[in-house]
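S.K.: Got a sequence here, can you model it:
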Amino acid sequence: MQAQAAAVRDSAQQYRAEIAAAATGVQPTGGDVNAQIDYLLRYATEYNLAEWGDYNPSGGDCVNFTSQGLLARGWQMDRTWSSTGPGGASTTWILTSAMERYLQSAVFRSYGADDLDRVRVGDVGIFDWGETAFSTDHTMTVSKIEYNVDG
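M.R.: Sure thing, here's the model as predicted:
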């Protein structure tokens, strides 16, 4: 089992190196993942309302929360992805479909069901659960990876 897990980790690391090499734009492909996860865990049950607000009344706060984590990781706001605080966020900062386009424009790759063994802590997940008229409707950050006998 340990050999299988090591092979999965090696494959994931190689895949991440390919993503980093292909990525464009100002956002880091690495950054401080520990700072990202520490921030997200700190505010997972109690929002950082004073600094970033709450977009649940507008359809959800998932992208706002994910964006805060990326900022803690070392990402830099730009003209497309930014927030000045409560009520002052760009659509890319708060809307799943806009965030997905932003990540794709920077050549960050998407993971499909066949790539789940390549997902790492700190990665952004974007999902279509069929809950909205948009093509995608949920954004999240991977906070834990567990390996099993299948990898």
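S.K.: only C-alpha atoms for contact and neighbour calcs from this point on.
M.R.: Noted.
S.K.: gap between the residue sitting nearest the centre point of the chain and residue 50?
M.R.: Most central in the chain under C-alpha atoms, centre = their mean is residue 124, positioned 2.2 Å from the mean C-alpha point. According to C-alpha to C-alpha, to the nearest Å, residue 124 stands 24 Å off from residue 50.
S.K.: which stretches of this protein form helices?
M.R.: With DSSP state H, the ranges of helices along the chain come out as 2-22, 33-42, 49-52, 62-73, 91-94, 96-105.
S.K.: would you turn those into a markdown table with mean pLDDT, mean neighbour count and distance to residue 128?
M.R.: Conversion of the helices of the chain to a markdown table gives the following (pLDDT from 0 to 100; neighbours: other C-alpha atoms under 10 Å; distance: least, C-alpha to C-alpha, whole Å):
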| stretch | mean pLDDT | mean neighbour count | distance to residue 128 |
| --- | --- | --- | --- |
| helix 2-22 | 69 | 14 | 23 |
| helix 33-42 | 93 | 17 | 22 |
| helix 49-52 | 96 | 13 | 25 |
| helix 62-73 | 95 | 24 | 13 |
| helix 91-94 | 95 | 22 | 16 |
| helix 96-105 | 89 | 18 | 10 |
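S.K.: Of those, give the one that comes closest to residue 145.
M.R.: Comparing these against residue 145 with C-alpha to C-alpha, the closest turns out to be helix 2-22 (10.5 Å).
S.K.: Residue 100 is in contact with residue 137, correct?
M.R.: No: Residue 137 is beyond contact range of residue 100, at 10.1 Å (criterion: C-alpha atoms under 8 Å).
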